[in-house]
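Asker: Here you go, sequence then predicted model.
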2 protein chains.
Amino acid sequence: MTKDIPMKFARTLGLLAVASTLAAPALAQFRKPEDAVKYRQSVMFTMGNHFYSRLGGMANGRTPFDAKVAAENAEVVLTLSKLPWIGFGPETNGIGKTEAKPAVWTEQAKFKDLSEKMQAEVAKLQAASRTGDLEALKAAYRSTSSACKSCHDSFTNQ
Amino acid sequence: MTKDIPMKFARTLGLLAVASTLAAPALAQFRKPEDAVKYRQSVMFTMGNHFYSRLGGMANGRTPFDAKVAAENAEVVLTLSKLPWIGFGPETNGIGKTEAKPAVWTEQAKFKDLSEKMQAEVAKLQAASRTGDLEALKAAYRSTSSACKSCHDSFTNQ
C-alpha cells in the first residue's frame, strides 16, 4: 500500500486485503465477489452509454453525425468490450443486486460464445467508424446492437 | 429507438427521453443528472480497478510484473482518464449518493487544472508501460497516484 493512495478510496476498491486472494486468478483483481459484480456493472453501464447514447444517437439520427466523435466513441466501446468478463467468475453467481441470470454460470459455453460474438461485432463497428461513412456506421451499429440483445435476452433480466 | 435494443436496458440507460435534452450539450449524453453521476462513478470505479489493483499490484510488488499486462492496463486507464469529466456538469451538483464536494463546482478552474494534471500523468504512465521497464512503471505509477490523490484530497470525501 503506497501512502499516497487515498485510503478510503482504496478501501472502496477493496485493495487492503488483495494480497490474500492472489491464489484465485479472477479474484486477484477483486477483494471480494461484490467488487467483481460492481466492476462488471460499471463497465457495462459505461459501455452502454457510449454505445447506445453516443453512437446510437448518430446511428438513429437523434444527434448529428460527426465522424471524429463516432470514431472516438467506438474506440471507447472497443476497449470496454474486452473488460467485463473477468467480473463473471463462479464466485459471483447470485451475488449482489444483479440482472445476471444463473444461466451465465450453468451455460458457460453459450455465454462465452455470445460474448465473443459481441466483441467481434464491436471490432467491426470500430473499423466502420473509421471509414467516416454514416451508412457503414449504421449497419455496424445495428449488427452490434443485435449481438448485445442476443446475449441480454439469454443471460440477463434486462 | 431501434427495436433490437433491450428495452429495459435502454430505460436503465435513460435513452427513451434523450431527444428532449439535446439542447444541453452535457445532458445530451444523459437523460437526467443521476445518470451523469452514475456514469462518472462507473468510469472512476473501473479506472481505479485497473490503476490501483492491476498496475498498483505490479508497481508495489504484490503481483508479478508482466510487461504486456501492464501495457494493456495502462491503455485502459488512458482511455478512461478522458471520460468522467462530462459527468460533472453543473446540474449534477448535490445529486445522488456522491463523494464529490461542492468545491467541484465552486472551484472549477482548480478542478479542471487537477483533472488535466492527472490525465497528463496517465499519458506518461502509458508511455512508461510500453518501455517494458518495471522501474519506469513504478516511477510513473507513483506520480500518477499522487495526481489522483491531489484531486481527491481537494474535491472528494474519499
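Answerer: That came through fine.

Asker: what's next to the helix or strand hosting residue A:135, contact-wise?
Answerer: Using DSSP states H and E, residue A:135 sits within helix A:134-155. With C-beta atoms under 8 Å, 6 or more residues apart in numbering or on different chains as the test, helix A:134-155 has contacts from A:51-52, A:55-56, A:58-59, A:65, A:67, A:70, A:100-101, A:103-104, A:107, A:110-111, A:114-115, A:117-118, A:120-122, A:124-125, A:127-129, A:131, A:158, B:2, B:4-6, B:9. The C-beta positions use only the backbone N, C-alpha and C, and glycine is treated the same way.

Asker: Check those residues for burial and list the buried ones.
Answerer: Listed as buried from those are A:51-52, A:55-56, A:58-59, A:70, A:100, A:104, A:111, A:114-115, A:117-118, A:121-122, A:124-125, A:128-129, A:158, B:5-6, B:9; burial here means 16 or more other C-beta atoms under 10 Å in any protein chain shown.

Asker: Give me the neighbour count for residue A:136.
Answerer: 16 (other C-beta atoms under 10 Å in any protein chain shown).

Asker: Need the per-residue pLDDT for it.
Answerer: In this model, residue A:136 is scored at 98, pLDDT.

Asker: And it, how close does it get to residue A:101?
Answerer: Using C-beta to C-beta, to the nearest Å, residue A:136 is found at 34 Å from residue A:101.

Asker: For chain A, give me the ranges with low pLDDT.
Answerer: Along chain A, segments meeting pLDDT under 70 span A:1-28.

Asker: rerun that using 90 as the cut-off
Answerer: Judged by pLDDT under 90, chain A has its weakly predicted residues at A:1-29, A:157-158.

Asker: which residue sits closest to the residue positioned nearest the centre of chain A, ignoring its sequence neighbours?
Answerer: By C-alpha atoms, centre = their mean, chain A has its centre lying nearest to residue A:44, at 3.8 Å. Of all residues not flanking residue A:44 in the chain, residue A:84 sits nearest, at 5.6 Å (C-beta to C-beta, 6 or more residues apart in numbering or on different chains).

Asker: before we move on, back to that, would you mind getting the angle between the helix or strand containing the residue nearest to the centre of chain A and helix B:33-48?
Answerer: Assigning secondary structure by DSSP H and E places residue A:44 in helix A:33-48. Orientation check (axes from the mean of the first three to the mean of the last three C-alpha atoms, to 10 degrees): helix A:33-48 against helix B:33-48 gives 120 degrees.

Asker: buried set for helix A:33-48?
Answerer: Buried, per 16+ other C-beta under 10 Å, within helix A:33-48: A:33, A:35-48.

Asker: same question, stretch A:141-155
Answerer: Here stretch A:141-155 shows A:141-145, A:147-152, A:155 as buried, counting by 16+ other C-beta under 10 Å.
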